[in-house]
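[1] Provided below are the primary sequence and the corresponding predicted coordinates.
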Amino acid sequence: MTTTEPNRWTDRRSDAVSARKETYEQLRRASTWRLLAATKAPAVLAILQSVLPSGDRRLPRSELVARVGAHLPLLHDEDPAVEEDGAEGDDGAEEGGPEARSGRSAAEYVDGWVREGYLTRRDDPQHTETTFEPSPATIDAIQFIASLEEHRPTTTQSRLQLVVQQFERLAQETETDRDVRLADLQRRRESIEAEIRELAEGELMLPSVEASTDRLRDILQIAAELSGDFLQYREDLRAVDLHLREQILSPESSRGEILEQLLAGDDLLGQSTVGRTFTAFFRMLNDPAQTRTTQELVDRLLERDFSRTLGRSERERLANVFSDLYEPAQEVLDVKTELYRSLARFVRSQDFRQHRVLLEALQEAQGIALSQKDEVTTRAPFPLELDLSRVLLSSVSQHRLKDPTDPGAPAEAEVHDATALSIEVLQDLVRTNDIDLVGLTGNVNEVRGRSGQASIGDVLREQPAQQGLASVIGLMFLATQFAQEREGSTEIVTWRELDGNDYAAKVPSFFFLDDVPVE
């Protein structure tokens, strides 16, 4: 009788397969997988790729809905009651209604794609309307479909060459043995000298047109993958920001160190893995010398004979290979900067203390509820009376819609009672606001020299207030010292503030009869 001992190798392999299956089950719930597996994936991907091309990947809601509306027949080809394009069937119209017969509207499709993670909603302060852009999941899905469509092999000689070159460069840069490094440099110098001799003797060896074209297309494909990572950079930075906020609110001891670093001005977002990676990329992209050298190389490649075998779109991508990266890279930098400032305000304003108190209260309530779950049934009466919430119902037609482009009626001017300003108050204002008294003295003397005398209003009419209200205060200060006041008389002075708005004030009448000494 024989017994079969357990095969440890088989068990380990079975565990690895099970773990991989669990990983794939989680990925299956991700937006990229669900989009590719949707029934209407061909129509959805084609529409998103068309309405949000690479050069116009952020649109206001109204324009996006209008563009999607032009392709609605593609989405209505199948039964609208059974939707698997990214929005559930209950988001559609009721069965039997006119909307069910004609299919859902473009706005409903857009809202469904946002809920499913195919589109990302952005509130841009530069636009009065919410903007939308493809999510990282949609970009990944489009790139995956494009790779299937092109059928370009990845096991090419040029790609292998790129890998070997990067291995060689990394090995040389990280070599710690001085002798080995010197020997490598010597071999490279001998190779370069041999190539110089061959060129001097008239030998010019060029790769074939096919090999050069393959290498160029591989480089363009790598560059295209760079532009698709910017959206993911932004999402990763937001995830790091959320993780830092959670650590600040956590009761663990690590929060003290994080608070100290943030209060000291440390950029924890920039010190994260994604922050360091992007910062290094952004510096290289914006290096003037590197950019100028790279653009010269691109221009030289465009003049080569083999580049003429490229398609029109490929030549455009080559010409703009780096300029197309500047705008999305700047957007990522803006997001990183805004997240850093928001996190710093969150800490310095002590708002995190209020959040922490609220979090502790919620956790305490949850703990009490869990401790009583086995003693109190769900149907047990609870001795607590709560007033029902009420809401005032009214017709939609009673509400006036707000027009974002209408500035509205100007607010009434606020009138303040006039008060006398002492010389001490004016001195304090001049000292604390860094007023240019030397420039104002020159303006007073120039205006007075032409007309013999000058009031504060005369000076402001001929010499505009460069510092806004601060210039008016400075003239008042000079007038109290070097001008003659006309008792009981006032004048209206006007000036334009630094924000572009015009202001007016009533001040006592002072007249400069002599030049103001320059101090």
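    In hand now; what should we look at?
[2] look at the residue lying closest to Gln290 once chain neighbours are set aside and report its pLDDT.
    Nearest residue to Gln290 in three dimensions, chain neighbours excluded: Met284, at 6.1 Å (C-beta to C-beta, 6 or more residues apart in numbering). From N, CA and C alone the C-beta is placed, and that goes for glycine too. Looking at Met284, its pLDDT is 79.
[3] which phi and psi values does Met284 adopt?
    Torsion angles at Met284 (phi, psi; degrees, to the nearest 10) stand at phi -70, psi -40.
[4] what about it, distance to Ala211?
    Relative to Ala211, Met284 is positioned 28 Å away (C-beta to C-beta, to the nearest Å).
[5] out of the two, which sits in the more crowded spot?
    Higher neighbour count among Met284 and Ala211: Ala211, with 15 against 11, using other C-beta atoms under 10 Å.
[6] where's the more buried one relative to Phe167, distance?
    Separation of Ala211 from Phe167 (C-beta to C-beta) stands at 20 Å.
[7] buried stuff in the helix or strand hosting Phe510?
    Per DSSP states H and E, Phe510 falls inside strand 502-512. By neighbour count on 16 or more other C-beta atoms under 10 Å, the buried set for strand 502-512 is Ala505, Val507, Pro508, Ser509, Phe510, Phe511, Phe512.
[8] please tabulate those in JSON lines, including the columns distance to Leu35 and pLDDT.
    Shown next, in JSON lines, are those (distance: C-beta to C-beta, whole Å; pLDDT from 0 to 100):
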{"residue": "Ala505", "distance to Leu35": "62", "pLDDT": "83"}
{"residue": "Val507", "distance to Leu35": "68", "pLDDT": "83"}
{"residue": "Pro508", "distance to Leu35": "73", "pLDDT": "85"}
{"residue": "Ser509", "distance to Leu35": "75", "pLDDT": "86"}
{"residue": "Phe510", "distance to Leu35": "74", "pLDDT": "86"}
{"residue": "Phe511", "distance to Leu35": "78", "pLDDT": "86"}
{"residue": "Phe512", "distance to Leu35": "75", "pLDDT": "85"}
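[9] the residues you listed into CSV, with extra columns for distance to Arg197?
    Below are these laid out as CSV (distance: C-beta to C-beta, whole Å):
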residue, distance to Arg197
Ala505, 83
Val507, 86
Pro508, 90
Ser509, 91
Phe510, 87
Phe511, 89
Phe512, 84
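[10] report the mean per-residue pLDDT for stretch 223-232.
    Mean pLDDT, stretch 223-232: 71.
[11] before we move on, what about stretch 42-62?
    Average pLDDT, stretch 42-62: 81.
[12] how many residues are close by Leu206?
    Leu206: 10 neighbours (other C-beta under 10 Å).
[13] same question for Asp184.
    Residues near Asp184, counting by other C-beta under 10 Å, number 15.
[14] kindly report the same for Ala380.
    Neighbourhood size, Ala380 [other C-beta under 10 Å]: 8.
[15] that's a strand at it, yeah?
    No - using DSSP: H, G, I helix; E, B strand; the rest coil, the assignment for Ala380 is coil, not a strand.
[16] packing partners for the helix or strand containing Arg341?
    Taking DSSP H and E as the definition, Arg341 sits inside helix 323-348. Contacts defined by 3 or more C-beta pairs under 8 Å, 6 or more residues apart in numbering; DSSP states H and E place helix 323-348 against helix 209-227, helix 230-249, helix 254-263, helix 268-271, helix 273-285.
[17] mean confidence for the helix or strand harbouring Val164?
    Using DSSP H and E, Val164 sits within helix 157-173. For helix 157-173, mean pLDDT is 77.
[18] so what touches that helix?
    For helix 157-173, contacts defined as C-beta atoms under 8 Å, 6 or more residues apart in numbering pick out Arg181, Asp184, Ala211, Asp214, Arg215, Asp218.
[19] do you know how far Arg121 is from Asp214?
    Noted for Arg121: a distance of 41 Å to Asp214, by C-beta to C-beta.
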